[in-house]
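# What would the 3D arrangement of this be:
(chains A and B)
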Amino acid sequence: MEPLNRRHFLRTTATLAGATWLTPVGQWLARAAETSPGNSPAKSVIVLWMGGGPSQLETFDPHPNTKIAGGTGAIKTAVKDMMLAPGLEQLAEQMESVSLIRSVMSKEGDHERGTYTLKTGFRPDPTVTHPSLGAVACHELPTDKSEIPRHVSILSAQWPARGGFLGDKYDAFLMDDPAGPVPDTKSYLPKDRDTKRLENLDVVERAFAKGRQKRVGETLHRDTIAGALKMMSSEQLKAFDVSLEPYSVRKTYGDTPFGRGCLAARRLIEVGVRCVEVTLNGWDTHANNHKFCTDNLKILDPAFSGLLKDLRTRGLLNKTMVLCMGEFGRTPTINPAGGRDHWPNGFSMAIAGGGIRGGQVIGATDPDGKQQPTDQVKVGDIHATVLSSLGIDHKKLNETPIGRTVKFTEGEPIKALVG
Amino acid sequence: MWMRNLLFLGLIAGGGLALGINILPPRHVKARTSYDPVAYQEKDFLETVHRADNSFREMWTTENVRPALPADDLTIARRLSLGLTGTVPSLEEIRQFESIPVGEQLPWWIDHLLQDKRFAAYFGERLARAFVGTEDGPAIFFRRRRFVTWLGEEITKNRPYDQIVRQVIATEGLWTDKPATNFISVTAQQEKENQPNPVRLAGRVTRAFLGLRLDCAQCHNHPFAKWKQKDFESFAAFFGQTRVGFRGIADSPGQYEVEDPKTQEKRVVEPGVAFSPELLPTEGTLREKIAGWVTHPKNPYFAKAAVNRVWAIMCGQPLLTPIDNLESDSFQPPALQILADDFSAHGYDLRRLIRVIARMQVYQLDSRCDHDAGDAAEKTWGLFPLTRLRPEQMAGSVLQASSISTLDAERHIIFRAFRALDENNFVKRYGDSGDDEFDGRGGTIPQRLVMMNGELVGEKLKEGPVNAVTRIKMLAPDDPKAVEAAYLTALTRRPTPEEAAHFEKRLKESDHSRGEHLQDLFWTLINSTEFSWNH
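Below you'll find the predicted structure:
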């Protein structure tokens, strides 16, 4: 094989895609056509990222009156026999739309490596950087008329979702609390100076292109500037501005950065954004686990349930997958500091919308915290479930820049949710 | 009291004078660093440069490639500065450069950079990315900062590369006290009582130091690959006894056991190497043995992998792509072996290797040419590649281009801390490229937004006592000199006649102040393709 460069890579991927089917979009259309009209695939994903690794026992997998509970009780939900930890009362009313997986198995007990695993569906691998779920969705699904980034990460302090081998252009656009402005999209100058700067740029670019015409074209530098300018003047930027929502709506989500992030996520998917990741940090509860969990649930409960209600009201829930997960769970045992430590071996996540079956519970953990969980679900299975619900061929082979072929996920869709 | 005031006034006046000198042509400038011309004139130095260059010339003849002309010296100086310190030259440095007699400028410049603390810091960071990656790692056991600083110190001492690598692989002790051990401790696995991960270590060692992807055989025997699963397991066994204890990283007796993923059965794996077993030392700990084997002068990969990496750091693109696979079917430029032989014959001296590469004709070729060079020219280095600057090179260059004087590591710790903060915030928004080093992709829209409207660029273009805009506005005697100073500061070249005419006209426009026009000029220059792509 010849050394790979960008053009080469494009050529190879083009041939590959041509060999298997058409373009990613063509494939998607073909797949979408296979499903019945009443069951059209989901269009977007919202990931509520619980940074630090939330305790399953204080969220989605309570074991009241056991030693491992450490005093944490349980509340009833809208679904018979499905219990949640106290603090999730509002979400409890929504559980007919939500399914819980209580037996997620990962092998990474380190924050960074665990985050990589849950966000990409693969363990870290020195030979390839895998794309996150949102990057795959953006790569595989049609672009529509999006003038703003289709992959957005709100409030991510560390390790936001990346494009991996699909390229930096699938990296999530980073955004802080939507109460503030969208970063870097406002020019701080009067209009005439902006115009002059761009005229100036033509002069400098002409000088550099001399004798390098073709290669300077290949850098796509000017296209990037054009795209940036388009985004700066786009109406779609308003989707970030949650202050345009009525007070009653904002109230449902809760007056917190995370609540505003969830509301912005809904607004963003409405204008065609494919994936929004909203982060709630503070789950790394090595000490005072119960107190910190209670505090976090006060933020999570209104935001998560508010989002589900809002999506349903607007008829968007069937087209939007909502995941709530972190990099791992926490130990069944409680340490001397009243905390729980990292636990990748059977933890919980919630999944809703996007046409998946709600009200299901998959897997169960041992009330003594000793036995392995039943009906174990691999991280890759979660990714396969989401991708197939989006109408994406999760087994599709992709060539990485180094020439290795990898699938989007090694897992299989969870039958109880999509079958 | 009046003495102090006088002293203060004197300092200001002196400072102003010194700055004025930098804006004005280099009549009064003296180079502050010296260099030893002998290193560049030794017979075997010149011979290596010549042989390596010849190997490219032969290639061009066979492939029918007409190479580009030599680039001008300032362009090469910019390349060197970006490659060795991760930032563009300052106007102050350019003036010194031009005060050196023609013909000696580049060798002086190479040595000027090699003596600079920024070189050690930047090279340390780049090597660290290959050695331990960019992960923060397990917080208790891993001190990335310590590791990078230590690498920088070793580079400052010009420690031979093979010694650095042996330390990295084989050192015992605490990660805080013996920074080299962070190479081991970064793989500590919390779920396995914080013991290091032999599989990850074996993968890192083969990739970073040998340019081999032995770890592709970790999961299965690849039908086309040379290495088998067994080879990888035996290699990992050299790290099978490495433990984390209260005295840090140490090796304990015992055997390395592997669990079969299917049957869950355990079996003992003996340490072993996939080739050249005769190079394994008979004495020492397991890690000392494998360190000796990896860095053995007869190991066919060690020197080549190092040369390929240094080349890539200097040129933005490895000589052989991909960087961590010397066994790939890619076309192998013969210069790789020539440079590797010279590197091992001269005690793995990184500085010598850098000097050799920097003095090669190939390194000094222009990135443009008037004839249609074609793909063959790009493939055979018949013209210098265009490569996108890495995020930290962008950050460093924006900071440097907004200042007249050199921002270097010698400055007061507080300034350095501010600079690190600026850089980190910028890199965070711009997106770190991770240890995926040389992927040759274009920029993204969010990255461009950071450059067009971002906080760092906005701050640095403002009028302020230390910013280039203000200094040029105050000190440049006329518009042509102001435009020239801006071009040199940001792009390390003088404007073309068309550019000079355009911007001189702009500066005369009365709709905005001269300072604002200069800000617009700087904004334009740092948002150009030329600024973002090494050429």
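
# For stretch A:381-392, give the mean pLDDT please.
Stretch A:381-392 shows a mean pLDDT of 96.

# roughly how far out does that stretch sit from the chain middle?
Going by Cα atoms, centre = their mean, to the nearest Å, the spacing between the C-alpha centre of stretch A:381-392 and its chain's C-alpha centre is 12 Å.

# Give me the residues contacting that stretch.
For stretch A:381-392, contacts defined as Cβ atoms under 8 Å, 6 or more residues apart in numbering or on different chains pick out A:28, A:31-32, A:35, A:40-43, A:45, A:101, A:104, A:120-121, A:133, A:136-137, A:140-141, A:321, A:323, A:325, A:349, A:351, A:354-356, A:393-394, A:408-409, A:411-414, A:417-418. In short, each C-beta sits where N, CA and C put it, glycine included.

# out of those, which touch chain B?
Among those, not one lies near chain B by Cβ under 8 Å from any Cβ of the partner chain.

# Residue B:188 against residue B:200, yeah?
No. Residue B:188 lies out of contact with residue B:200 (Cβ atoms under 8 Å); the separation is 10.1 Å.

# give the contact list for the residue of the stretch 101-250 of chain A found nearest chain B.
Nearest residue of the stretch 101-250 of chain A to chain B, counting by Cβ to the nearest Cβ: residue A:211, 3.0 Å away. Residues near residue A:211 by Cβ under 8 Å, 6+ apart: B:366, B:368-370.

# what about 6 Å?
By Cβ atoms under 6 Å, 6 or more residues apart in numbering or on different chains, the contact set of residue A:211 is B:368-370.

# before we move on, the earlier item: looking at the contacts of stretch A:381-392, which are in strands?
Using DSSP state E, the members of the contacts of stretch A:381-392 that fall within strands are A:45, A:101, A:104, A:321, A:323, A:325, A:349, A:351.

# Tell me where the stretch 401-535 of chain B has helices.
Secondary structure of the stretch 401-535 of chain B, counting by DSSP state H, counting those that start in this stretch: helices at B:413-430, B:445-453, B:455-461, B:468-475, B:479-491, B:497-508, B:514-526, B:529-532.

# mind listing what's buried in the last one?
Of all the residues in helix B:529-532, those buried under the rule 16 or more other Cβ atoms under 10 Å in any protein chain shown are B:529-532.

# Mind giving me the packing neighbours of it?
Of the remaining helices and strands, none touches helix B:529-532 by 3 or more Cβ pairs under 6 Å, 6 or more residues apart in numbering or on different chains; DSSP states H and E.

# Can you report the mean pLDDT over the residues of it?
Summarised as a single mean, pLDDT over helix B:529-532 is 96.

# Provide the contact partners of it at residue level.
Contact with helix B:529-532 is made by A:208, A:216, A:219, A:221, B:389, B:491, as judged by Cβ under 6 Å, 6+ apart.

# what's the distance between residue A:346 and residue A:362?
According to Cβ to Cβ, to the nearest Å, residue A:346 stands 12 Å off from residue A:362.

# can you check residue A:212 too?
Distance, residue A:212 to residue A:362, using Cβ to Cβ: 57 Å.

# Quick check, pLDDT for residue B:409.
According to the predicted model, the pLDDT of residue B:409 comes to 53.

# Apologies, that question was intended for residue B:3.
Predicted confidence (pLDDT) for residue B:3: 56.

# Please give the element, helix or strand, for the nearest residue to residue B:181 once chain neighbours are set aside.
Closest residue to residue B:181 apart from its sequence neighbours, by Cβ to Cβ, 6 or more residues apart in numbering or on different chains: residue B:249 at 4.3 Å. Secondary structure assignment for residue B:249, by DSSP states H and E: strand B:248-251.

# Strands of the stretch 301-419 of chain A, residue ranges please.
Applying DSSP state E, counting those that start in this stretch to the stretch 301-419 of chain A gives strands spanning A:320-326, A:329-330, A:342-343, A:345-353, A:361-362, A:377-378, A:397-399, A:405-407.

# so which of the ones you listed is the most packed in?
Of all the strands of the stretch 301-419 of chain A, strand A:329-330 has the most neighbours on average by mean count of other Cβ atoms under 10 Å in any protein chain shown, namely a mean of 30.

# Other residues contacting that one?
For strand A:329-330, the external contacting residues (Cβ under 6 Å, 6+ apart) are A:55-56, A:340, A:343, A:347.

# My read is that residue B:525 contacts residue B:490, right?
Yes. Distance between residue B:525 and residue B:490: 3.8 Å, which falls inside the contact criterion (Cβ atoms under 6 Å).

# More neighbours: the two, which one.
More neighbours surround residue B:490 than the other of residue B:525 and residue B:490, with 26 against 22 (other Cβ atoms under 10 Å in any protein chain shown).

# Let me see the confidence value for the more buried one.
Looking at residue B:490, the pLDDT reads 97.

# which residues does it contact?
Residue B:490 makes contact with B:401, B:525-526, according to Cβ under 6 Å, 6+ apart.

# Please identify the one among those residues that lies nearest to residue A:145.
For the contacts of residue B:490, the closest approach to residue A:145 (Cβ to Cβ) belongs to residue B:526, at 31.4 Å.
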